[in-house]
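Pasting the sequence and the predicted model now:
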Amino acid sequence: MSLPKPVMRGLLGKRLRFHLPIAFTLSLLAAVSFKVITEPRKQAYADFYKNYDAMKEFSAMREAGVFESVRPTGE
Amino acid sequence: MASPRRERREEGRRRADECDQTPKVRVQACMRRGSLCKTTMLRLTAGRVRTLLSRQAMAALSTSSARMASHGHEVSEQADISLPYFDRLDTPLPDRPYQDSLSAAEKSLKQKEKGPWTSLSNEEKLALYRIMFKETYAEMKRPTGEWKTVVAGILFFMGATGLVVLWQRYYVYPPHPPSFDEEWQAKQVKRMLDMRINPVEGFSSKWDYEKGQWK
């Protein structure tokens, strides 16, 4: 017949104590994964273009016959 | 048939007499599950409207007001409309109490209810509750196991759909286009490598151009 009195105080504190650590962890995780993904990608692009010879690549592609504006040197 | 109706009519008039409070106070007093319902002003039939409406404008607070408003005139106190009783989670106060015809013991209990409620024992309070309502909220909310039927139905129809799709694969779909052949696919891969598709991190970066093989 007599119910226990419901909790009336400290509700915000309880919520913050639960959610703030989770929020901090997740945002930290997001920042770290951002670093982990982008740094190797930037390095890969830098390595690719360090010794990139555009004319050589172009000639190889031309010989393979993929262009329409220039045909392979034989034809 | 007549006596319970007349009894309800008398009780309605009695309640109307003792109800000098404002409609808002009366509704507050009528908390179903927290305490007992002292005046269920929601249990009104069309026949009682005229006596009560003339006192205070409480048509808006009555659930059967729509029904009453549609009655243009009351030639005689028919009170024929049998109000349904239903237990619903979102409607705490049904249109009428559960037990309409009370036994002698129950009637005396109702008389005792008019006095101070602290004089009622717990059993009496429960008896009064059961007179007014059929099931408690706990009983209403009891699990039914319906979810098992629902999941079974879902899985069954997913299986039936799978069979239909299988039949379709063999009897409806046209033959594959030529671009699905092995030979065609190989030529396609060679062309992609020649075009240097995604040479930095993607497709062509996996191919070793000097040796002519996959890395």
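Great, that's in hand. Numbers count the residues shown, from 1 in each chain, chains lettered A, B, ... in the order given.

now the helices for the chain?
Went with chain A since none was named. For chain A, the helices defined by DSSP state H occupy A:11-50, A:54-64.

Switch to chain B, please.
B:2-18, B:23-29, B:49-53, B:65-70, B:104-113, B:122-132, B:137-140, B:146-171, B:182-194.

Looking at the helices of chain A, spot the one closest to B:Lys114.
Closest to B:Lys114 of the helices of chain A is helix A:11-50 (CB to CB; 40.4 Å). Where you see a C-beta, it was placed from the backbone N, CA and C, and this is true even at glycine.

Now do the residue nearest to B:Pro178 when sequence neighbours are not counted, the pLDDT please.
Spatial nearest neighbour of B:Pro178, excluding adjacent residues (CB to CB, 6 or more residues apart in numbering or on different chains): B:Trp184 at 5.9 Å. At B:Trp184, the model reports a pLDDT of 97.

How many neighbouring residues does B:Trp184 have?
12 (other CB atoms under 10 Å in any protein chain shown).

picking up where we left off before, the helices of chain A into CSV, with extra columns for distance to chain B, mean pLDDT and mean neighbour count?
Shown next, in CSV, are the helices of chain A (distance: least, CB to the nearest CB, whole Å; pLDDT from 0 to 100; neighbours: other CB atoms under 10 Å in any protein chain shown):
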stretch, distance to chain B, mean pLDDT, mean neighbour count
helix A:11-50, 5, 96, 10
helix A:54-64, 4, 94, 13
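
Which one of those helices lies nearest to B:Arg88?
Comparing these by CB to CB, helix A:11-50 comes nearest, at 30.1 Å.

mind checking the end-to-end distance for stretch A:49-69?
Distance between the two ends of stretch A:49-69: 25 Å, counting by CA to CA, to the nearest Å.

Over to stretch B:202-215?
12 Å.

Any idea how many residues pack against B:Tyr209?
By other CB under 10 Å, 13 other residues sit near B:Tyr209.

Mind pulling up the pLDDT for it?
For B:Tyr209, the model assigns a pLDDT of 91.

which non-adjacent residue is nearest it?
In space, B:Tyr209 is closest to A:Ala60, 7.6 Å off (CB to CB, 6+ apart).

For A:Pro72, give its distance to A:Met55.
15 Å (CB to CB, to the nearest Å).

my bad, B:Thr136
Where A:Met55 is concerned, B:Thr136 sits at a distance of 87 Å (CB to CB).
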